[in-house]
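S.K.: have a look; sequence and predicted model below, questions after that.
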Amino acid sequence: MNKNIIAIAVGALGFVIGLALLGNAIKNRNKSENTISVTGLGTKQFTSDLITWSGSFSKNNSDLKSAYDELALDRKVINDYLLSKGIKQNEIVFSSVDIQKQFRSYNDSTEIMYRVNSQDII
């Protein structure tokens, strides 16, 4: 009789612990990982030292090479302007160029235009 009570108690304790773990897993399944958790009662004001600006510029031309060359000239002008405003060269990031073919149909011919885009982050 005493062995049966101990076995039942151990089984019940395992069942309760299993339910607690399962309940905790269900409760925290949608918890965001992009949070800062702080324990205690302290507060602190801080100033961010990072800002991200993004911009884009584009050129349209029926000749892909000409459109890319025009875009490269614009990139140099923008880079020089940002450098003149005190932004360091290593803080300027130009992304890869995105090329989109655009078709315009007329009665008897189709004109192909290329749109060349650059997305930039400062």
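M.R.: Alright, I've got the coordinates.
S.K.: what's downstream of the helix ranked longest in the chain, the next helix or strand?
M.R.: Counting residues, the longest helix found in the chain (DSSP state H) is helix 2-27. Counting by DSSP states H and E, the next helix or strand C-terminal to helix 2-27 is strand 54-61.
S.K.: alpha carbons of that next one, as PDB, please.
M.R.: In PDB, the C-alpha atoms belonging to strand 54-61 read as follows (Å, rounded to 0.1, in the frame of the first residue of the first chain):
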ATOM      1  CA  SER A  54      17.700  56.400 -46.900                       C
ATOM      2  CA  GLY A  55      17.000  57.800 -50.300                       C
ATOM      3  CA  SER A  56      16.900  56.700 -53.900                       C
ATOM      4  CA  PHE A  57      17.500  58.100 -57.300                       C
ATOM      5  CA  SER A  58      16.800  56.800 -60.800                       C
ATOM      6  CA  LYS A  59      17.300  57.300 -64.500                       C
ATOM      7  CA  ASN A  60      15.200  56.300 -67.500                       C
ATOM      8  CA  ASN A  61      16.800  55.700 -70.800                       C
END
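S.K.: could I get the average pLDDT for that strand?
M.R.: Across strand 54-61, the average pLDDT comes to 79.
S.K.: do stretch 76-83 as well
M.R.: On average, stretch 76-83 scores 90.
S.K.: that stretch: how far from the chain's middle?
M.R.: How far stretch 76-83 lies from its chain's middle: 25 Å, per C-alpha atoms, centre = their mean, to the nearest Å.
S.K.: can you list the low-confidence ranges for the chain?
M.R.: In the predicted model, the chain carries pLDDT under 70 at residues 1, 30-38, 102-122.
S.K.: could you rerun that using 50?
M.R.: 121-122 (pLDDT under 50).
S.K.: list the buried residues for stretch 69-81?
M.R.: In terms of neighbour count (16 or more other C-beta atoms under 10 Å), stretch 69-81 has its buried residues at 70-71, 78. Any C-beta I mention is one placed from the backbone N, CA and C, and that applies to glycine too.
S.K.: packing partners for the helix or strand hosting A72?
M.R.: Per DSSP H and E, A72 falls inside helix 64-84. If contacts are counted by 3 or more C-beta pairs under 8 Å, 6 or more residues apart in numbering; DSSP states H and E, helix 64-84 sits against strand 54-61, strand 93-105, strand 110-121.
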